[in-house]
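Asks: got a structure for you, letters missing:
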């Protein structure tokens, strides 16, 4: 391997290594000439963290990031304060950084009555009448709507069928893309909102999920950098909340969350979102990310298999179950299951 040329010794900054056309690696600044504000922001932040550690004072990046300009009044509801925190974080991120334009884990055989399934175009054409009539334990169905700026080709058909058959709870999920060449959070939100409006999606009663996944291609965030991905995801969550969607559910497996999310950025806020963990195991207590686990917060839903068999479906189906010991019913999130 050819050794990349070092940056200028007197120039402090953040760099990535890229490969040139002639096969040489070289350092490239993460910031354009006009974008030094975020670099300065990071340098100051890291210096503050280091100083605090040296003085044995407990601090966190969350405390450094938020600094509300006005303190919350005593009559503010918890949800209002939470929305305000997401909004303040989003504004700080958008002002300080430039936003540029599925991995399978081992599975086990399902032995439980199927109560919750998630579907997409990968499920092939579903015979929904048979699904409804022959699977009486089925309570909830969640359909993929979009991935980045791509519409799931079976979404309209799936969603309208789910509505007409009156399942106890239905929902949709968006596969969020946050790599260096991905569409911006604003572009992805606008695209998602337009597609949901086409089917008259009921954002007050129907669940909304965000799939946080990584894999072997840029489509699956393989080239995403954790700090930038986390910032983009935070902005996307804020857009959903500002537009009166329910509190979004985070879908992930342990590997994807640990690779894509920087825990120093908004970790406590993410822990307030319901977790839909994908962990294909027979263990009744599946492992899940520390964002929730370290705070004593249980997973809200568990995808325990990708090999479910169901009348009316050609391909194996993803099966999930709710955590009966953990229920969220507040003014930002309500589920019938």
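Replies: Yep, that arrived. What you are looking at is a predicted structure, and each value in this text was computed from that prediction instead of being measured.
Asks: can we go C-alpha only for contacts and neighbour counts from here?
Replies: Noted.
Asks: Tell me where the protein has strands.
Replies: If DSSP state E is used as the criterion, the strands of the chain fall at 15-19, 25-29, 116-119, 140-147, 150-151, 169-175, 207-211, 249-252, 275-278, 301-308, 317-322, 329-330, 333-334.
Asks: Please identify which of the ones you listed is closest to residue 291.
Replies: Among those, strand 275-278 comes nearest to residue 291, with 9.8 Å by Cα to Cα.
Asks: Relative to the closest one, what are the paired strands and their orientations?
Replies: Using DSSP bridges, the strands paired with strand 275-278 are strand 249-252 (parallel), strand 301-308 (parallel).
Asks: For this protein, which residues score under the pLDDT cut-off?
Replies: Low-confidence segments of the chain (pLDDT under 70): 1-75, 97-111, 216-218.
Asks: So which residues of it form helices?
Replies: In the chain, the helices defined using DSSP state H lie at 36-54, 61-66, 78-96, 128-134, 155-164, 185-198, 226-242, 254-260, 267-271, 290-293.
Asks: returning to what we had before: can you convert the strands of the chain into TSV and add a column each for mean neighbour count and distance to residue 198?
Replies: What follows is these, written out as TSV (neighbours: other Cα atoms under 10 Å; distance: least, Cα to Cα, whole Å):
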stretch	mean neighbour count	distance to residue 198
strand 15-19	13	41
strand 25-29	16	42
strand 116-119	22	19
strand 140-147	23	11
strand 150-151	15	12
strand 169-175	23	14
strand 207-211	23	16
strand 249-252	24	22
strand 275-278	24	26
strand 301-308	22	28
strand 317-322	22	26
strand 329-330	10	28
strand 333-334	18	23
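Asks: mind giving me CSV with the ones you listed and columns for distance to residue 157?
Replies: Output for the strands of the chain, formatted as CSV (distance: least, Cα to Cα, whole Å):
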stretch, distance to residue 157
strand 15-19, 43
strand 25-29, 46
strand 116-119, 11
strand 140-147, 10
strand 150-151, 12
strand 169-175, 13
strand 207-211, 18
strand 249-252, 23
strand 275-278, 24
strand 301-308, 21
strand 317-322, 17
strand 329-330, 30
strand 333-334, 25
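Asks: contact partners of stretch 285-293?
Replies: 253-254, 257-258, 263, 267-268, 270-271, 275, 277, 279, 298-299 (Cα atoms under 8 Å, 6 or more residues apart in numbering).
Asks: now stretch 330-337
Replies: 79, 139-140, 168-169, 205, 207, 246-247, 322, 328-329.
Asks: want to throw the residues you listed into JSON lines with distance to residue 292?
Replies: Output for the contacts of stretch 330-337, formatted as JSON lines (distance: Cα to Cα, whole Å):
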{"residue": "79", "distance to residue 292": "18"}
{"residue": "139", "distance to residue 292": "26"}
{"residue": "140", "distance to residue 292": "23"}
{"residue": "168", "distance to residue 292": "27"}
{"residue": "169", "distance to residue 292": "24"}
{"residue": "205", "distance to residue 292": "25"}
{"residue": "207", "distance to residue 292": "20"}
{"residue": "246", "distance to residue 292": "19"}
{"residue": "247", "distance to residue 292": "15"}
{"residue": "322", "distance to residue 292": "16"}
{"residue": "328", "distance to residue 292": "14"}
{"residue": "329", "distance to residue 292": "18"}
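Asks: Which pair of those residues spans the longest distance?
Replies: Farthest-apart pair in these is 79 and 139; separation 27.9 Å (Cα to Cα).
Asks: More neighbours: which of the two?
Replies: More crowded of residue 79 and residue 139, by other Cα atoms under 10 Å: residue 139, with 19 against 13.
Asks: show me the contacts for the more buried one.
Replies: By Cα under 8 Å, 6+ apart, the residues touching residue 139 are 115-116, 167-169, 337.
Asks: Report the separation between it and residue 289.
Replies: For residue 139, the distance to residue 289 (Cα to Cα, to the nearest Å) stands at 26 Å.
Asks: One more: residue 249?
Replies: Residue 249 is 14 Å from residue 289, by Cα to Cα.
Asks: just residue 186 next, same as before
Replies: With the distance defined as Cα to Cα, residue 186 ends up 27 Å from residue 289.
Asks: who has more neighbours, these two?
Replies: For residue 186 versus residue 289, the count of surrounding residues by other Cα under 10 Å is larger for residue 289: 18 against 14.
Asks: got the contacts of residue 139 as JSON lines, with distance to residue 215 columns?
Replies: What follows is these, written out as JSON lines (distance: Cα to Cα, whole Å):
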{"residue": "115", "distance to residue 215": "28"}
{"residue": "116", "distance to residue 215": "25"}
{"residue": "167", "distance to residue 215": "32"}
{"residue": "168", "distance to residue 215": "33"}
{"residue": "169", "distance to residue 215": "30"}
{"residue": "337", "distance to residue 215": "31"}
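Asks: Mind picking the one among those residues that's closest to residue 124?
Replies: For the contacts of residue 139, the nearest to residue 124 is residue 116 (17.8 Å; Cα to Cα).
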